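Asks: Sequence and predicted structure are below.
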Amino acid sequence: MTVADIVLVVVVAALLAFALYDEFIMPRRNGETLLSVPLLRRSRTDGAIFVGLLVILIYNNTANGGSALTMWLLSALALLGIYLFWIRAPKIIFKQQGFFFANVWIEYTRIKEMNLSEDGVLVMQLEQRRLLIRVRNIDDLEKIYKIMIKTQ
């Protein structure tokens with residue numbers, strides 16, 4: 001096994017662990033889920049570039065007679081990239097004491113100020129950081145409001 005294969009195994013394992021954590025573990029942490037709201041995706045351009053580069057690497061590996069293990073690892077990395085950039089939907093998960101946003105736990109007590117912009121972006125001001133929450137469905141903002149009032 002070459003150094004490149006070892007690096008690929010580590011990267012594939014890390015991305016797989018993140019995908020499993022995001023899909024199965026995070027919704028079960030810190031109590032019962034009160035509300036899970038899908039968010040707008042960011043630009044898919046980065047994902048297309050990443051997967052495109054992996055396709056080029058797979059082609060070069062097969063054209064130059066590279067090892068089968070490297071091809072399988074690159075293919076697994078490409079599939080994980082497709083899942084993470086196109087299939088998986090980002091979400092905000094509300095719990096009794098706080099919420100998960102971008103896989104980070106934030107307690108309700110940290111929120112100093114909340115505003116709603118004209119284009120439907122919920123802005124939460126924390127101590128030193130501002131969260132911009134772009135929901136996919138504008139009606140979800142009312143559900144978020146009800147959860148925030150109920151938990152306060």
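Replies: Thanks, I have the structure now.

Asks: pLDDT below threshold where in the chain?
Replies: 152 (pLDDT under 70).

Asks: All the helices of it, residue numbers only.
Replies: 3-20, 45-63, 68-82, 140-151 (DSSP state H).

Asks: ok, and for the shortest one, which residues are buried?
Replies: Applying a neighbour-count criterion of 16 or more other C-beta atoms under 10 Å, one finds 140-141, 144, 147-148 buried in helix 140-151. C-beta here means a position set from N, CA and C on the backbone, and glycine is covered the same way.

Asks: cool, stretch 99-117 as well?
Replies: So, applying 16+ other C-beta under 10 Å, buried residues of stretch 99-117: 99-101, 106, 108, 111.

Asks: same thing with stretch 124-132?
Replies: Result for stretch 124-132 [16+ other C-beta under 10 Å]: buried residues 124, 131.

Asks: The residue nearest the centre of the chain: what's its closest spatial neighbour, skipping adjacent residues?
Replies: The residue lying closest to the centre of the chain (C-alpha atoms, centre = their mean) is residue 90, at 4.9 Å. Distances taken as C-beta to C-beta, 6 or more residues apart in numbering place residue 39 nearest to residue 90, at 4.5 Å, with adjacent residues excluded.

Asks: about what we covered before: so of the helices of the chain, which one's packed in deepest?
Replies: The highest average neighbour count among these, using mean count of other C-beta atoms under 10 Å, belongs to helix 68-82 at a mean of 17.
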